[in-house]
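J.: give me coordinates for this.
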Amino acid sequence: MYDVIIIGSGPAGLTAAIYTTRANLKTLVVAGNKWGGQLMLTTLVENYPGFPEGIQGPDLMMAMKKQAERFGTEFIDSDFASGDFDPPAGGLFKITAGDKTYEGKSVIIATGADTKWLGVPGEQEKIGKGVSSCAPCDAFFFKGKNVIVVGGGDSAMEEAIVLADFASSVTMVHRKDSFRASQIMQDRAKKNPKIKFLLNAEITKILGEEKVIGAEVKNNKTNKVSKMDIDGVFVAIGHVPNTKVFQGIELDEKGYIKVRDHTKTNIDGVFVAGDVHDSHYRQAITAAGYGCAAALEADHWLRGQE
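T.: Below you'll find the predicted structure:
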């Protein structure tokens, strides 16, 4: 039986674990078969404070995990399967992972959100090697280079605008004949001379061996496929919060967990942290901050139950 069960092992979950265990709360992290979150797919991270030369994403996550373990956090490398988030008054939350069930006085959900990828040949093996989903994270690496942004919403426009401060050219590729982004975001992008627009088009293949060197782009109206010589592909077609597995937890219209008073869910004693509720910032540092806040709130709540 645990004081806190944390579901998820990215920056939010691991930061929460560091804080809860330092508060002398017995803590279990349901890390999952693929622990560490999206930073495990990232190469050099240069915008996380404290690392002037940058740090590899997996190295940063391993350091966080070791720090949590040092203070006594327990980890299980099984995926969350189900949870009883409606215990009787004074009862314990029951969390099932793998073939075992664990009991906790409180729960922090930190399962994050996954990028919607294109699903085309050459994409997955080049994530971190020219394929990205985060311009604020990776734009610096594309100074003086030519890149593509795939998407038609506000997020895609924002990615293109950020990239234009670094890249020589940014081509926005969208499969429809018009963008769904707000007019103000479209106007900002169209005013930038570095940003070009390619409608009724979609990437069918990303080219290159060790890194991105080009892309095959199909015209949806003519079905003609042409090759573009580019150095990077930024995918901005949305994110999917990892919330479908949670029963009884209230979600917003986008499927993210609805937050009350910074970190609280609709269920007393269940807290939330990171990209599983944050559809706006989606940064490692903000996720870590939310993890800290959720841990402090859980500690405060538990003391109030005594």
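J.: ok, residue 250 touching residue 264?
T.: No. Counting by C-beta atoms under 8 Å, residue 264 is not a contact partner of residue 250; they are 10.8 Å apart. C-beta coordinates here come from the backbone N, C-alpha and C atoms, glycine included.
J.: neighbour-wise, which of those two wins?
T.: The residue with more neighbours, out of residue 250 and residue 264, is residue 264; 18 against 12, by other C-beta atoms under 10 Å.
J.: host element of the nearest residue to the more buried one once chain neighbours are set aside?
T.: Here the nearest residue to residue 264 in space, its sequence neighbours aside, is residue 271; by C-beta to C-beta, 6 or more residues apart in numbering that works out to 6.0 Å. For residue 271, the element it lies in under DSSP states H and E is strand 270-272.
J.: what element comes up after that strand heading to the C-terminus?
T.: helix 284-305.
J.: could I have the CA atoms of that following helix written out in CSV?
T.: Written as CSV, here are the backbone C-alpha positions of helix 284-305 (Å, rounded to 0.1, in the frame of the first residue of the first chain):
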residue,chain,number,x,y,z
ALA,A,284,9.7,19.2,-20.6
ILE,A,285,10.3,22.0,-18.2
THR,A,286,6.6,22.9,-17.9
ALA,A,287,5.7,19.2,-17.4
ALA,A,288,8.3,19.0,-14.6
GLY,A,289,6.8,22.1,-13.0
TYR,A,290,3.3,20.6,-13.1
GLY,A,291,4.8,17.4,-11.6
CYS,A,292,6.2,19.4,-8.7
ALA,A,293,2.8,21.2,-8.2
ALA,A,294,0.9,17.9,-8.2
ALA,A,295,3.2,16.4,-5.7
LEU,A,296,2.9,19.3,-3.3
GLU,A,297,-0.9,19.3,-3.6
ALA,A,298,-1.0,15.5,-3.0
ASP,A,299,1.2,15.9,0.1
HIS,A,300,-1.0,18.7,1.4
TRP,A,301,-4.2,16.7,0.7
LEU,A,302,-2.8,13.6,2.4
ARG,A,303,-1.9,15.6,5.5
GLY,A,304,-5.4,16.9,5.6
GLN,A,305,-6.8,13.4,5.6
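J.: mean confidence for that helix?
T.: If you average the pLDDT over helix 284-305, you get 96.
J.: can I see the domain layout of this structure?
T.: 2-114+240-305, 117-235 (automatic domain parsing).
J.: comparing these, which comes out most buried?
T.: Per-residue neighbour counts averaged over each of the domains of the chain give the maximum for domain 2-114+240-305, namely a mean of 19 (mean count of other C-beta atoms under 10 Å).
J.: can you give me the end-to-end distance of it?
T.: End-to-end distance for domain 2-114+240-305: 15 Å, by C-alpha to C-alpha, to the nearest Å.
J.: can you check stretch 239-247 too?
T.: Using C-alpha to C-alpha, one end of stretch 239-247 lies 20 Å from the other.
J.: residues in contact with it?
T.: In this structure, residues lying in contact with stretch 239-247 by C-beta atoms under 8 Å, 6 or more residues apart in numbering are 8, 80-83, 85, 109, 111-116, 249, 251, 254-257, 275-277, 279, 282.
J.: go again with 6 Å.
T.: The set of residues external to stretch 239-247 that reach it, using C-beta atoms under 6 Å, 6 or more residues apart in numbering, is 80, 111-115, 251, 255-257, 276.
J.: OK, contacts around residue 271?
T.: Contact criterion C-beta under 6 Å, 6+ apart gives 108, 263, 294, 297-298 as the residues in contact with residue 271.
J.: perfect, I'm done here.
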